[in-house]
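A.B. asks: need the 3D shape of this:
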Amino acid sequence: MQITLDLPEDIAEDLGAKWTNLPRAALESLAVEAYRADALSASQLRRLLGLETRTQVDAFLKQHGVFDYTVEDFEQDCETLRRVRESNAQR
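C.D. replies: Reported below is the predicted structural model:
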């Protein structure tokens, strides 16, 4: 599917000055927001952007301030840290 955006010329020029590849910037913005909204999986994001590996997807998401780190991940990390500290204290 092809999507066309109609932008006022002055806005297109301003955006084009900031992003040399405006169509790619628009695609990446759409991809980031769709991923944040759980409308795209990491695999779909990789395909949409033409990335080859999950590592590239992770780097792209990090570059755009998207981190897959849930409250449950944090709680699990805290528990792991507590166990490691207890283990080290017993030595």
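
A.B. asks: what strand or helix carries residue 84?
C.D. replies: Using DSSP states H and E, residue 84 falls within helix 71-89.

A.B. asks: also residue 47?
C.D. replies: Here residue 47 is assigned to helix 42-49, by DSSP H and E.

A.B. asks: chain center to that helix: distance?
C.D. replies: Relative to the chain's own centre, helix 42-49 is displaced by 11 Å; criterion: C-alpha atoms, centre = their mean, to the nearest Å.

A.B. asks: try stretch 26-44
C.D. replies: That offset, for stretch 26-44, works out to 8 Å (C-alpha atoms, centre = their mean).

A.B. asks: please shift the residue numbers so they start at 501 in all later answers.
C.D. replies: Okay, residue one is now 501; in that scheme the one you just asked about reads as stretch 526-544.

A.B. asks: residue contacts, the spatially most central residue of the chain?
C.D. replies: Centroid-nearest residue in the chain: residue 561, 2.3 Å away (criterion: C-alpha atoms, centre = their mean). The neighbours of residue 561, taking C-beta atoms under 8 Å, 6 or more residues apart in numbering as the test, are 532, 535, 545, 567-568. Quick note: C-beta positions are derived from backbone N, CA and C, even for glycine.
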